[in-house]
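kindly generate the corresponding structure for this input.
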Amino acid sequence: MKRKLRSSRSAEEIVERDFLENRARLLEVAAFLDRVDRADDAEAVRDDYRYRGLMRVLGILAENGGDRALACHRALSDLSDEPIDSAAGLGAATGAWKEMS
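Below you'll find the model as predicted:
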């Protein structure tokens, strides 16, 4: 059975301390999406794996309960358990997995 971790602070304390910082983060995401939408080639990125991953994560954030951080991490990660022969040629990390469904 998985044990649920508890915070040492109350929910009210968490909101009081962390709300403004997280509000700013959400506004930055909204501004990023607005910039994409205003670009002449906005439709070209709708199928980009990073864009799709971000949109999937936004849906996860809107859900109540559960472990949203873990769900978001998994939505953007390669969960395969088969090792690859070499990482050469894969390029830099992108923060999302190209092969996600």
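
kindly list the longest helix within the chain.
helix 11-38 (DSSP state H).

after that one, which helix or strand is next?
Following helix 11-38 in sequence order, the next helix or strand is helix 49-61 (DSSP states H and E).

state the distance from the residue sitting furthest away from the middle of the chain to S77.
Among residues of the chain, the one most distant from the C-alpha centroid is D85; the distance is 27.6 Å, by Cα atoms, centre = their mean. Per Cβ to Cβ, to the nearest Å, D85 is found 20 Å from S77. Every C-beta, even on glycine, is put in place using the N, C-alpha and C of the backbone.

cool, N64 as well?
23 Å.

for V29, same thing?
19 Å.

could you do A71 as well?
Plainly put, A71 is 11 Å away from S77 if you go by Cβ to Cβ.

how many residues are close by R23?
Burial of R23 is recorded as 10 neighbouring residues (other Cβ atoms under 10 Å).

and if you look at the one 10 residues further on?
For L33, the count of nearby residues is 15 (other Cβ under 10 Å).

about what we covered before: A71 and S77: which has the busier surroundings?
Between A71 and S77, counting by other Cβ under 10 Å, A71 is the more crowded of the two (16 against 13).

for that one, identify the helix or strand it belongs to.
With secondary structure defined by DSSP H and E, A71 is part of helix 68-75.

counting by contacts, list what that helix packs against.
If you count contacts as 3 or more Cβ pairs under 8 Å, 6 or more residues apart in numbering; DSSP states H and E, helix 68-75 packs onto helix 49-61.

return the set of buried residues in the helix it packs on.
With burial defined by 16 or more other Cβ atoms under 10 Å, the residues of helix 49-61 counted as buried are 51-54, 56-57, 60.

which of those residues lies closest to V36?
Y51 (7.2 Å; Cβ to Cβ).

S8: what's it in contact with?
Going by Cβ atoms under 8 Å, 6 or more residues apart in numbering, S8 touches no other residue.
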